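> 3D model of this:
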Amino acid sequence: YTTHYVTTDTNQSANLPDNSIVSLDRGTTLDIISENFAHNRALSLTGRAFFEVAKDVQHPFTVMLPQGKITVLGTQFNISTNDNIEEIYVTEGHVRYEIADRSFDLKAGDYIKVLDGDVIKVGMNDSNYLSWKNGKLVLRDVNISTAVKSLAKHYQSKITFLPDVALKDCKISTTLDQETLTEALEELSILLSIEFKAVGDEIVISDINC
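Numbers count the residues shown, from 1 in each chain. Got it, this is the predicted structure:
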């Protein structure tokens, strides 16, 4: 069976030997790190992924992250790792997150953010948090700065404004469904007269008129 999964420009679904399913976002790496996965369900992850774990009480399911470790029996949860930040959001069941000598039990609806070893547990109030998984981003009467932040998170891309761009209180309502980042920005440019350009590996917004 496959033990190494790498995604580049598209999402990918990984069907693991225990019938667990992992949805991998762009730019994500997932490795099976045990020699006998049936008895030791251990993986490592960098990037962003949504896990639907097959229940097996006798063989816990573990995911090693750059900073910590997740242990579950059977549940659904989202993990995002980026540089020195880790995010865990549980949608079903419960998991245990361990880092250094600390342990956190998380149940459905719990969300934690880990920054350089510091763990912050907050409520999940982002309705688009899992938009990357189904490719659908819904923006409902939000200002342009919020919309751009949602775009950046959805596409795992860096989007910035030139220093002299006035962030006016422009409101926008639209639904982006299976569109590329360029297509999404082009739609915003029609709605709000946004001018943008690619500079290296980031998108720079140079003007807004609304």
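
> any regions of the protein where pLDDT drops low?
Scanning the chain for pLDDT under 70 picks out 166.

> could I get the full set of helices for it?
Secondary structure of the chain by DSSP state H: the helices cover 131-134, 144-155, 181-192.

> which secondary structure elements does the second one contact?
With contacts defined as 3 or more C-beta pairs under 8 Å, 6 or more residues apart in numbering; DSSP states H and E, the packing partners of helix 144-155 are helix 131-134, strand 136-143, strand 158-161, strand 171-177, helix 181-192. C-beta coordinates here come from the backbone N, C-alpha and C atoms, glycine included.

> quick check: end-to-end length of stretch 15-26?
Stretch 15-26 has an end-to-end distance of 17 Å (criterion: C-alpha to C-alpha, to the nearest Å).

> in that stretch, what's buried?
Buried residues in stretch 15-26, counting neighbours by 16 or more other C-beta atoms under 10 Å, are found at Leu16, Ser20, Val22, Ser23, Leu24, Asp25, Arg26.

> widest-spaced pair of these?
Ser20 and Arg26 (20.8 Å; C-beta to C-beta).

> coming back round to it: dump the helices and strands packed on helix 144-155 into JSON lines; add mean neighbour count and distance to Arg48 as well.
Output for the helices and strands packed on helix 144-155, formatted as JSON lines (neighbours: other C-beta atoms under 10 Å; distance: least, C-beta to C-beta, whole Å):
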{"stretch": "helix 131-134", "mean neighbour count": "17", "distance to Arg48": "7"}
{"stretch": "strand 136-143", "mean neighbour count": "15", "distance to Arg48": "15"}
{"stretch": "strand 158-161", "mean neighbour count": "15", "distance to Arg48": "15"}
{"stretch": "strand 171-177", "mean neighbour count": "15", "distance to Arg48": "18"}
{"stretch": "helix 181-192", "mean neighbour count": "16", "distance to Arg48": "15"}
